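# Mind looking at a prediction? Sequence and model below.
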Amino acid sequence: MSQPQQTAWREGAARLRAAATTEPGRLRIIGAALAAVLAVFGGVTAWQVSDRASAADAVVTHSQPLSADAASIYRSLADADTTAASGFLAGGQEPKAARDRYDQDIALASELLVKAAANTSGSDTERRQIATLNKQLPVYTGLVDTARANNRQGLPLGGAYLRYASERMRGELLPAASALYEAETGRLGSDYRDAKAWPWAALAAGAVTLGALGWAQRRNYLRTNRVFNHGLLAATAATAVVLLWLVAGHMVARAELDDSDRHGAQSLQVLNEARISSLQARGDENLTLVSRGSVLDPATGDDLYEASFRKDMKKLFGNGSGDAGRAAPAPGTLLDRAGALADGAAGRDPVAKAVTDVGQWLRQHSAARAADVSGDYKKALQMVNGGKDSTGESFDRVDNELQQALSHEQAQFRHSADNGRGALTGLTAGAAVLALLAAAGAVLGIGRRLSEYR
């Protein structure tokens, strides 16, 4: 009766057991195992480094620029609303500079919305906010145009249209722009976390590989009394180089990305919020004069826009009451945080100047508000929109100084983020090549021992 035919798996296992009973067979198994371990180490390292390099690249080229664009959309819309109110207060003949600035803001917001729609990750939140902005922006501009037409004719209805346009901006457009900014900033944070995550699988595979190579060389020494096997020694050296390169490269990348986050991305976020708060405060200041006390806060009975001005200034500086005694912003306010996060004199100086000019703005605003409350509307209007020594002049200085700080921090972000991304350059290919060379060295080293049995 014939023997039952063995499966290929059982036959292979039998041959392996038979080979393991002889030293040459054991050496072949060890050589194959070392080559496999080295291949796994190289593959896992290349995979994890590639993922982190891709995330670091996304920080620099995708998520941070999109976050900055979303902030620019919000800022452009807020500036358009502020500029429309400033132009309205000038009377029927709106200054050309105000009209041009408004048109530039609307054009920039529209252009960035197209860009955001083309580059969005496809999340429901982003698509929904972009759709809201695209739908509501023409409605807002139509209301502003109607307000201007009425204002040119001297009709008081123009003020009502402008207030309604501003309510549409603050109730629909700016919340949608804020949600878009938060979504893009959340994606930036996710890319940062992915880029800075330690490659634990690669590190563990490297440690196992070094341990296996050390065991193989110790076994070789105990059986032959030879201290070194050149092939195994070369494989160990190549593995150690990959492991050290992985640790050092990731540490440098992580440090640079941390720096780009703290002194770049986080600073940019605070500065963007500070600039937006100052824009909204300036818009509230203008709308206070446009409404002439006709819009009240239902909860307190105070002028709604004046209350909103104080709220924005409290967030920006800490005291929107016009108290001039403060030499520095209150702790935790946007300008205080911006100064703490600023990197170097080039980043701190514009923030410090903005602090001084906000203080002056508050003093001027208090005087203008006192004139308005006392019934001297023309004097209040001159103090707010009169050019020299007006609150408008102080606001323009604050806006320019915050823009300078933003430009500096953007450059700092790019420099550190590029360094972090560069620290991983070549590591993916280098790990794969060195792992293959190490595997070849291990096979050759074991082959040298096998040749002694022929």
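Yes, it's here. Numbering: from 1, shown residues only.
# State the next helix or strand along the chain beyond the helix ranked longest in the chain.
Counting by DSSP state H, the longest helix found in the chain is helix 23-58. Reading on from helix 23-58 to the C-terminus, the next helix or strand found by DSSP states H and E is helix 64-89.
# got the angle for that next one vs helix 23-58?
10 degrees (axes from the mean of the first three to the mean of the last three Cα atoms, to 10 degrees).
# Quick check: closest non-adjacent residue to Leu402.
Nearest non-adjacent residue to Leu402, counting by Cβ to Cβ, 6 or more residues apart in numbering: Arg275, 4.4 Å away. Using the backbone N, CA and C atoms, a C-beta is placed for each residue, glycine as well.
# sorry, back to before: give the buried residues for the longest helix of the chain.
Using 16 or more other Cβ atoms under 10 Å as the test for burial, helix 23-58 gives 25, 27-28, 30-31, 34-35, 37-39, 41-42, 44-50, 52-56, 58.
# Then stretch 159-172?
Gly159, Ala160, Tyr161, Leu162, Arg163, Ala165, Ser166, Arg168, Met169, Arg170, Glu172.
# Can you list the neighbours in contact with that stretch?
Here stretch 159-172 makes contact (Cβ atoms under 8 Å, 6 or more residues apart in numbering) with 77-78, 80-81, 84-85, 88, 132, 136, 139-140, 143-144, 146-147, 150-151, 283, 287, 290-292, 295.
# Selecting buried members of those residues in ChimeraX, what would you type?
Only the buried entries of the contacts of stretch 159-172 go into this ChimeraX selection, using 16+ other Cβ under 10 Å:
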select :77,78,80,81,84,85,88,132,136,140,143,144,146,147,150,151,283,287,290,291,295
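# what pLDDT, on average, does the longest helix of the chain get?
The average pLDDT within helix 23-58 is 85.
# Return, as residue ranges, the portions of the stretch 201-350 of the chain with sub-threshold pLDDT.
224-228, 293-301, 319-327 (pLDDT under 70).
# Can you show me the helices along it?
230-260, 266-291, 304-316, 334-341, 345-373 (DSSP state H, counting those that start in this stretch).
# how many degrees apart are the third one and helix 345-373 in direction?
Interaxial angle of helix 304-316 relative to helix 345-373 (the same axes, to 10 degrees): 160 degrees.
# For the remainder of this discussion, apply numbering that starts at 158.
Sure, I'll start numbering at 158, so the last one becomes helix 461-473.
# Please save the CA atoms from helix 461-473 in CSV.
What follows is helix 461-473 as a C-alpha-only set of coordinates in CSV (Å, rounded to 0.1, in the frame of the first residue of the first chain):
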residue,chain,number,x,y,z
LEU,A,461,-25.2,97.6,20.5
TYR,A,462,-22.1,98.5,18.4
GLU,A,463,-20.4,100.3,21.3
ALA,A,464,-20.9,97.2,23.5
SER,A,465,-19.5,95.1,20.7
PHE,A,466,-16.5,97.5,20.4
ARG,A,467,-15.7,97.1,24.1
LYS,A,468,-16.0,93.3,23.7
ASP,A,469,-13.6,93.2,20.8
MET,A,470,-11.1,95.5,22.6
LYS,A,471,-11.3,93.4,25.8
LYS,A,472,-10.4,90.4,23.8
LEU,A,473,-7.6,92.2,22.0
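# List the buried residues of it.
Leu461, Tyr462, Glu463, Ala464, Ser465, Phe466, Arg467, Asp469, Met470, Lys471, Lys472, Leu473.
# Same question for the longest one.
In terms of neighbour count (16+ other Cβ under 10 Å), helix 387-417 has its buried residues at 388-389, 391-393, 395-397, 399-400, 402-403, 406-407, 410-411, 413-414, 416-417.
# Stretch 493-503: how far from the chain's middle?
17 Å (Cα atoms, centre = their mean, to the nearest Å).
# Figure out the length between the terminal residues of it.
16 Å (Cα to Cα, to the nearest Å).
# Quick check: buried residues in it?
Asp493, Arg494, Ala495, Gly496, Leu498, Ala499, Asp500.
# cool, stretch 555-562 as well?
Buried residues in stretch 555-562, counted by 16+ other Cβ under 10 Å: Val555, Asp556, Glu558, Leu559, Gln561, Ala562.
# just curious, which of the residues you listed is nearest to Ala596?
Ala596 lies nearest to Ala562 out of the buried residues of stretch 555-562, by Cβ to Cβ, at 52.7 Å.
# pLDDT wise, what is the closest one at?
92.
# OK, contacts around the closest residue to Asp236 other than its chain neighbours?
Using Cβ to Cβ, 6+ apart and skipping the chain neighbours, the partner closest in space to Asp236 is Asp262 (4.9 Å). Contacts for Asp262 were tallied using Cβ under 8 Å, 6+ apart; they are Ser233, Leu234, Asp236, Ala237, Thr240.
# Now do the buried residues in stretch 591-603.
Buried, per 16+ other Cβ under 10 Å, within stretch 591-603: Leu591, Ala592, Leu594, Ala595, Ala596, Ala597, Gly598, Ala599, Val600, Leu601, Gly602, Ile603.
# Have a look at the buried residues of stretch 316-329 and tell me the least confident one.
Gly316 (84).
# I'd assumed Gly587 was in contact with Trp402.
Yes: contact status for Trp402 versus Gly587: in contact at 6.6 Å, counting by Cβ atoms under 8 Å.
# now the angle between helix 387-417 and the strand or helix carrying Ile603, please.
Per DSSP H and E: Ile603 is located in helix 584-608. Put simply, helix 584-608 runs at 170 degrees to helix 387-417, going by the same axes, to 10 degrees.
# And the contacts of helix 584-608?
Against helix 584-608 from outside (Cβ under 8 Å, 6+ apart): 181, 184-185, 187-188, 191-192, 195-196, 198-200, 202-203, 206-207, 210, 359, 370, 373, 377, 381, 386-393, 395-396, 398-399, 402-403, 406.
# Same question for stretch 274-286.
Taking Cβ under 8 Å, 6+ apart as the rule, stretch 274-286 contacts His219, Leu223, Ala273, Ile287, Asn291, Ala333, Ala334, Ala336, Leu337, Ala340, Glu341, Arg344.
# Stretch 192-206 now?
Contacts to stretch 192-206, defined as Cβ under 8 Å, 6+ apart, come from residues 356, 358-359, 362-363, 365-366, 369, 392, 396, 399, 403, 406-407, 581, 584-586, 588-589, 591-593, 595-596, 599-600.
# Run the chain-centre distance for it.
Distance of stretch 192-206 from the chain centroid (Cα atoms, centre = their mean) equals 31 Å.
# Then stretch 438-452?
The answer for stretch 438-452 is 34 Å, by Cα atoms, centre = their mean.
# So for that stretch, could I get the coordinates as PDB, restricted to C-alpha?
In PDB, the C-alpha atoms belonging to stretch 438-452 read as follows (Å, rounded to 0.1, in the frame of the first residue of the first chain):
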ATOM      1  CA  ALA A 438     -13.700  96.900  16.700                       C
ATOM      2  CA  ARG A 439     -13.100  99.500  14.000                       C
ATOM      3  CA  GLY A 440     -16.300  98.400  12.200                       C
ATOM      4  CA  ASP A 441     -18.200  98.600  15.400                       C
ATOM      5  CA  GLU A 442     -16.800 102.100  16.000                       C
ATOM      6  CA  ASN A 443     -18.000 103.300  12.600                       C
ATOM      7  CA  LEU A 444     -21.400 101.600  12.900                       C
ATOM      8  CA  THR A 445     -21.900 103.300  16.200                       C
ATOM      9  CA  LEU A 446     -21.900 106.600  14.300                       C
ATOM     10  CA  VAL A 447     -23.900 105.200  11.400                       C
ATOM     11  CA  SER A 448     -26.700 104.000  13.700                       C
ATOM     12  CA  ARG A 449     -26.700 107.100  16.000                       C
ATOM     13  CA  GLY A 450     -27.900 105.100  18.900                       C
ATOM     14  CA  SER A 451     -30.800 103.500  17.100                       C
ATOM     15  CA  VAL A 452     -29.600 100.000  17.700                       C
END
